[in-house]
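In: Pasting the sequence and the predicted model now:
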Amino acid sequence: MSSAPVVQLPAPTGLCATPSIPRDILRERGQREVFCGLTGIIWLHRKIQDAFFLVVGSRTCAHLLQSAAGVMVFAEPRFGTAIMEERDLAGLADANEELDSIVEQLLQRRPDIKMLFLVGSCPSEVIKLDLSRAATRLSAKHLPRVRVLSYSGSGIETTFTQGEDACLASLVPTLPAAKPGAAGDLLIVGSLPDIVEDQFKRLFAQLGIGRVDFLPARQSVTLPTVGPDTVFLLAQPFLADTARALEQRGARHLPAAFPFGAEGTTLWLQAAADHFGIDPQHFRAVVAPGRERAIRAIARSRETLAGKRVFFFPDSQLEIPLARFLARELAMIPVEVGTPYLHVQHLAPEMDLLPADARLSEGQDVDRQLARCRAEKPDLVVCGLGLANPLEAEGISTKWSIELVFSPVHGFDQAGDLAELFARPLMRRELLRFGT
Ligand code: SF4
């Protein structure tokens, strides 16, 4: 028998959209060190299998995509960059013509594309172009075969997970309207690996929640419907604009913790079960096997992580749910939990579960955060790629936060892998220490 940590099945609900525990939040407004929203294309192009992402950008954007996604480019990638050179306003008409002709060539060569995203970037010559107007013009030309949408992946004042938010928000106005009076649907919002999506589908079916859709859908031609009878659960904490757009279509958000770890997944499922009036005993019976599996799998990393101090730099917007998971299921001590943006309305259930003495910060001031981090001497730092190498050189173990967005980490069956992602850097440092 493993010595699994005791994680109580939470008492039915009370989750709401404002934290019940008041907290001081450190607001930082300084130098930032984050990737831009183009990064989201790496996982979105794998999820929406008939979509193409055409970045309208500079050579820098093309290099970023190429190097970030290089290993995943096979024969026919589903993203590319239309490079805009510097031009004055007088040249904009030509730029629009060029864009139309690139799109024409692309769609002729790739009949498999059913949805085309024009993805804006931050160079000034791109900002001058009105991509939403270009998308409307191109949609009018290519519908019904291809729908053309646009969103911004710009790195100005954003962080990398906002690319997915902007992409999904651009999809919302295109979702078909749900028939009034139809049985309420549950919409799961946020890009999940197919395997995780299938696991959740099975769990909702066992619970008796029949109509469950996912946004984004795997195929852009099977978009979910939305309307006043739709309720939605967020699978990711960085989807504020998408949530707002859904609410404008009449859908209602179910406040919940996020499905990371045994506890988070249970609470997330429970929010849906409570809404649909599922019998609590039936709920317990359905979730118990997955929850027990998760608890056992997490226990493998507990010995390495328990009692260790962890510091989160603001990067992915997953920081608060992950800190809650590490504190409550692995007995880690979060000394500082930084997040680029704090959507209190979506994170209230998580904030109530964080240890009261964990310092919460919103926004970035990298020098001040580095100073606090060095003073705290944490055992593990979760941060972006740019900070990881220098911190490793100073003898501090790090975990790249972007890896937590790329990897399947949601749900009961990924909980053990999620814990292991944090345990591995500490185990590696131990091995190096013994090796020297
Ligand atoms: S969108 Fe902006 S931040 Fe991102 S790669 Fe292009 S130029 Fe750089």
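Out: Done, it's in.
In: hey, which helix is longest across the protein?
Out: The single longest helix within the chain, with elements called by DSSP state H, is helix 280-305.
In: so what's residue 386 closest to, chain neighbours aside?
Out: Leaving out its chain neighbours, the residue that sits closest to residue 386 by CB to CB, 6 or more residues apart in numbering is residue 33, at 4.9 Å. The C-beta positions use only the backbone N, C-alpha and C, and glycine is treated the same way.
In: Could I get the phi/psi values of that neighbour?
Out: Reported as degrees, to the nearest 10, the phi and psi values for residue 33 are phi -140, psi 80.
In: what's it in contact with, if anything?
Out: Residue 33 is in contact with 313, 364, 366, 384, 386-387, counting by CB atoms under 8 Å, 6 or more residues apart in numbering.
In: what do you get if the cut-off is 6 Å, keeping everything else the same?
Out: If you count contacts by CB atoms under 6 Å, 6 or more residues apart in numbering, residue 33 has them with 366, 384, 386.
In: Of those, which is the most crowded?
Out: Ranked by neighbour count (other CB atoms under 10 Å), the contacts of residue 33 have residue 384 at the top, with 22 neighbours.
In: Which secondary structure state is assigned to the residue nearest to that residue when sequence neighbours are not counted?
Out: Distances taken as CB to CB, 6+ apart place residue 315 nearest to residue 384, at 4.6 Å, with adjacent residues excluded. Three-state call for residue 315 (DSSP: H, G, I helix; E, B strand; the rest coil): coil.
In: Could you count how many residues lie near residue 315?
Out: 29.
In: For residue 126, see how far away it is.
Out: Distance of residue 315 to residue 126, computed by CB to CB, to the nearest Å: 24 Å.
In: same deal with residue 374?
Out: 38 Å.
In: who has more neighbours, those two?
Out: Using other CB under 10 Å as the criterion, residue 374 and residue 126 rank with residue 126 on top: 22 against 13.
In: The more buried one is in contact with residue 82, isn't it?
Out: No - Residue 126 lies out of contact with residue 82 (CB atoms under 6 Å); the separation is 9.5 Å.
In: Just confirm residue 80 is within a strand.
Out: Yes - Residue 80: assigned to a strand according to three-state DSSP.
In: Can you name the helix or strand that the residue nearest to it when sequence neighbours are not counted falls in?
Out: Closest residue to residue 80 apart from its sequence neighbours, by CB to CB, 6+ apart: residue 54 at 5.8 Å. Here residue 54 sits within strand 51-57, counting by DSSP states H and E.
In: Give me the contacts around that strand.
Out: Strand 51-57 is contacted by residues 41, 45, 61, 78-82, 113, 115-121, 126, 220 when judged by CB under 6 Å, 6+ apart.
In: Quickly run through the sheet partners of that strand, with directions.
Out: strand 79-83 (parallel), strand 115-120 (parallel) (DSSP bridges).
In: tell me how far it is from the chain's mean position?
Out: Relative to its parent chain, strand 51-57 has a centroid offset of 20 Å by CA atoms, centre = their mean, to the nearest Å.
In: Which of the residues in that strand are classified as buried?
Out: 51-57 (16 or more other CB atoms under 10 Å).
In: Save these as a markdown table, and put in pLDDT too.
Out: Formatted as a markdown table, the buried residues of strand 51-57 follow (pLDDT from 0 to 100):
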| residue | pLDDT |
| --- | --- |
| 51 | 96 |
| 52 | 96 |
| 53 | 95 |
| 54 | 95 |
| 55 | 94 |
| 56 | 94 |
| 57 | 91 |
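In: Reformat those as TSV; add distance to residue 159.
Out: TSV is the format used below for these (distance: CB to CB, whole Å):
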residue	distance to residue 159
51	23
52	24
53	18
54	22
55	18
56	21
57	18
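In: near the ligand, which of those show up?
Out: Among these, proximity to the ligand is found for residue 57 (CB under 6 Å from any ligand atom).
In: which one of the buried residues of strand 51-57 is nearest the ligand?
Out: The shortest approach to the ligand among these belongs to residue 57, at 4.9 Å (CB to the nearest ligand atom).
In: Report the beta-bridge partners for that closest one.
Out: Beta-bridge partners of residue 57, as defined by DSSP bridges: residue 83.
In: And the helices in the stretch 301-436 of the chain?
Out: Under the criterion DSSP state H, counting those that start in this stretch, the stretch 301-436 of the chain contains helices at 319-330, 344-351, 366-376, 385-393, 401-406, 415-435.
In: Deepest in the core, which of these is it.
Out: helix 319-330 (a mean of 25; mean count of other CB atoms under 10 Å).
In: could you check the angle helix 344-351 makes with that one?
Out: Put simply, helix 319-330 runs at 10 degrees to helix 344-351, going by axes from the mean of the first three to the mean of the last three CA atoms, to 10 degrees.
In: Now do helix 319-330 against helix 415-435, angle only.
Out: Relative orientation of helix 319-330 versus helix 415-435 (the same axes, to 10 degrees): 80 degrees.
In: Helix 319-330 - contacts with which helices or strands?
Out: helix 261-275, helix 280-305, strand 309-312, strand 333-339, helix 344-351 (3 or more CB pairs under 6 Å, 6 or more residues apart in numbering; DSSP states H and E).
In: these two touch, right, residue 226 and residue 251?
Out: Yes - using CB under 6 Å, residue 226 is in contact with residue 251, at 5.3 Å.
In: Would you mind measuring from the residue of the stretch 251-400 of the chain found nearest the ligand to residue 65?
Out: Distances between the stretch 251-400 of the chain and the ligand by CB to the nearest ligand atom are smallest at residue 386, namely 12.6 Å. With distances taken as CB to CB, residue 386 is found 18 Å from residue 65.
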